[in-house]
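Colleague: Got a predicted model here, sequence first, then my questions.
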Amino acid sequence: DVKVTQSSRYLVKRTGEKVFLECVQDMDHENMFWYRQDPGLGLRLIYFSYDVKMKEKGDIPEGYSVSREKKERFSLILESASTNQTSMYLCASIDFRLEAFFGQGTRLTVV
Amino acid sequence: AQSVSQHNHHVILSEAASLELGCNYSYGGTVNLFWYVQYPGQHLQLLLKYFSGDPLVKGIKGFEAEFIKSKFSFNLRKPSVQWSDTAEYFCAVTALNTNAGKSTFGDGTTLTVKP
């Protein structure tokens, strides 16, 4: 089974902190994604990457950046956390058939 | 750019009732279509998918969906729901000319099945 692992299930951070969310997949997928999930808004794409060191902005990239130094790892960075970034963050990788495999999610609370 | 619309935000059914969740998308080209499910406390997982061929596709746990190209729809159905089907359901569309397989998701439908 494809496994996508997010480093934390729950995080509480203070406003202004720099926050790192880590994601690792074990199936050698090239394409990886970061979404945030909010009630009534579905999944919104923050950033995606289709190769090492390659990244593209999604629909809501403001306040975020990403890093992909190795194929299996895709990190989401909140440069200066704000309360409106309190959300569930989902990492996914996709296979050649475009099926997405999701991590368990990180629920981030910014206080 | 493509968009996905799910008609119902919250559906409440009794066990054994039939289910149909609506999904419409807007995109003029060729698409792959997916339904994902998120059970309480679990990660999102694939329920079923359509790439080509027979427009009626079957997925796990007795779910099926029908792709109607002329209506840009991909509705999810199940003849008889169970309490364990309580979950949030997301329709997703991937346009085949996008790089990296970027999917667009609907807002989700929360299904509550009463025992």
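Modeller: Thanks, I have the structure now.

Colleague: Setting the sequence-adjacent residues aside, check what's closest to residue B:82.
Modeller: Computed as CB to CB, 6 or more residues apart in numbering or on different chains, the closest residue to residue B:82 that is not its neighbour in sequence is residue B:15, at 6.0 Å. Just so you know, the C-beta spots here come from the backbone N, C-alpha and C atoms, and that holds for glycine as well.

Colleague: what separates that neighbour from residue B:88, distance-wise?
Modeller: Using CB to CB, to the nearest Å, residue B:15 is found at 18 Å from residue B:88.

Colleague: Name the surrounding residues that touch the lowest-mean-pLDDT helix or strand in chain B.
Modeller: Of all helical and strand segments in chain B, the minimum by mean pLDDT, DSSP states H and E falls on strand B:103-105, at a mean of 89. Identification of contacts with strand B:103-105 by CB atoms under 8 Å, 6 or more residues apart in numbering or on different chains yields A:35, A:42-45, A:94, A:98, A:100, B:1-4, B:25, B:34, B:36, B:90-94.

Colleague: got the residues of chain B near chain A?
Modeller: Within chain B, the positions lying close to chain A (CB under 8 Å from any CB of the partner chain) are B:6, B:9, B:32, B:34, B:36, B:42-46, B:49, B:51, B:90, B:92, B:94, B:99-108.

Colleague: Return the subset of those lying in strands.
Modeller: B:6, B:32, B:34, B:36, B:45-46, B:49, B:90, B:92, B:94, B:103-105 (DSSP state E).

Colleague: which SS state does the residue nearest to residue A:11 when sequence neighbours are not counted fall under?
Modeller: Sequence neighbours aside, residue A:108 is the residue nearest to residue A:11 in space, at 4.8 Å (criterion: CB to CB, 6+ apart). The three-state assignment at residue A:108 reads strand, by DSSP: H, G, I helix; E, B strand; the rest coil.

Colleague: Against chain B, how distant is residue A:108?
Modeller: Distance from residue A:108 to chain B, counting by CB to the nearest CB, to the nearest Å: 16 Å.

Colleague: For that residue, give the beta-bridge partners.
Modeller: With DSSP bridges as the criterion, residue A:108 is bridged to residue A:11, residue A:87.

Colleague: on that earlier part again, quick one: contacts for the residue nearest to residue B:82?
Modeller: Residue B:15 touches B:80, B:81, B:82, B:83, B:113, B:114, B:115, counting by CB under 8 Å, 6+ apart.

Colleague: Tell me the buried residues within those.
Modeller: B:81, B:113 (16 or more other CB atoms under 10 Å in any protein chain shown).
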